[in-house]
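Participant: from the sequence below, what's the structure:
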Amino acid sequence: MKLMEMKWPEVERLAPQCVAICPAGSLEQHGHHLPLGTDSLIVTHLAEQLEARCREWTVLLPTLWLGASHHHLAFAGTVSASASLFTEMVTQEARCLVQAGFRRILFLNGHGGNTVPICQALAELAPEYRERPDLWLVHSTYWTTAGLSSQTVPGMQTGNLSHACEYETSMILHLRHELVDMSQAKGDRADTFQSEYFFQQAEGPLRVNVSRCFEQWTGTGAMGQPQFATPEKGERILAVTVDALTEFLTEFRGWNPTPGRRE
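Facilitator: Here you go, the predicted model:
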């Protein structure tokens, strides 16, 4: 079910038994070869596939396309909300859904810059709803929940998803090939340096977090190896991801209240 197509009495009746799916993307640069709407296109497709598979007990909201992308503003076309504003947007969306009667709400994220603001919003909401053990507010960044890597997706030549990379380029080639210019598909990154604590493209386990603007990482706006992308890889990535998200959503539907007990 899609919230935009429902009537309010339906929502009032069905919300307590349904999982609300709230996709979040971005409108930001993705290198010379991918469209600005890459994150929103991908996460919207994933959310729609989930709704199609679980239609009887899910309610899909429209995608939040305005993401927290200030770190991409040096590249033309990026339209961004500040992290604090995006946190407030998520907070208000969640409050409205709780008011409507939903007890299980999933924020399905498709943009790395949204991760911290979403987590901040849910952290602030937790004490607000401390008397509601029946309420679950959950954040899932799709590539983390699906565990996307060269081990989980056959045929990938790079180990992880980064930005405008082999993974994202493959998915957009499968979904909207006419929007991709593979002649311009080139990843780039600043000069590497040796560190046992930080890996610029997650080639190893991160032991510290680093925040920098994107132009300090790459001159093209892309990272990884997008030239290795194919539509067939994109189809596999999306299939693996939808399967993993469906498994989680099915389990999430059955989560029961687990109130703590003070002694």
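Participant: ok but residue 137 is inside a strand, no?
Facilitator: Yes: under DSSP: H, G, I helix; E, B strand; the rest coil, residue 137 sits within a strand.
Participant: how close does it sit to residue 93?
Facilitator: To residue 93, residue 137 is 11 Å away according to C-beta to C-beta, to the nearest Å. Bear in mind the C-beta positions are built from the backbone N, C-alpha and C, glycine included.
Participant: higher neighbour count, those two?
Facilitator: residue 137 (24 against 18; other C-beta atoms under 10 Å).
Participant: what pairs with that one across the strands?
Facilitator: In this entry, residue 137 is beta-bridged to residue 105, by DSSP bridges.
Participant: again, but for the one 4 residues further on
Facilitator: Beta-bridge partners for residue 141, by DSSP bridges, are residue 109.
Participant: ok, it to residue 88 distance?
Facilitator: 20 Å.
Participant: check residue 49 too.
Facilitator: When C-beta to C-beta is applied, the distance between residue 49 and residue 88 equals 29 Å.
Participant: tabulate the CA atom coordinates of stretch 225-242 in PDB.
Facilitator: Listed next in PDB are the C-alpha coordinates belonging to stretch 225-242 (Å, rounded to 0.1, in the frame of the first residue of the first chain):
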ATOM      1  CA  GLN A 225      35.900   1.800 -10.200                       C
ATOM      2  CA  PRO A 226      32.700   2.700 -12.100                       C
ATOM      3  CA  GLN A 227      34.200   1.700 -15.500                       C
ATOM      4  CA  PHE A 228      33.600  -2.000 -14.300                       C
ATOM      5  CA  ALA A 229      29.900  -1.500 -14.100                       C
ATOM      6  CA  THR A 230      27.400  -3.400 -16.200                       C
ATOM      7  CA  PRO A 231      23.600  -3.700 -16.200                       C
ATOM      8  CA  GLU A 232      23.800  -7.400 -15.300                       C
ATOM      9  CA  LYS A 233      25.800  -6.600 -12.200                       C
ATOM     10  CA  GLY A 234      23.200  -4.000 -11.300                       C
ATOM     11  CA  GLU A 235      20.400  -6.500 -11.600                       C
ATOM     12  CA  ARG A 236      22.300  -8.900  -9.300                       C
ATOM     13  CA  ILE A 237      23.000  -6.100  -6.700                       C
ATOM     14  CA  LEU A 238      19.400  -5.100  -6.600                       C
ATOM     15  CA  ALA A 239      18.200  -8.700  -6.300                       C
ATOM     16  CA  VAL A 240      20.600  -9.400  -3.400                       C
ATOM     17  CA  THR A 241      19.500  -6.200  -1.700                       C
ATOM     18  CA  VAL A 242      15.800  -6.700  -2.100                       C
END
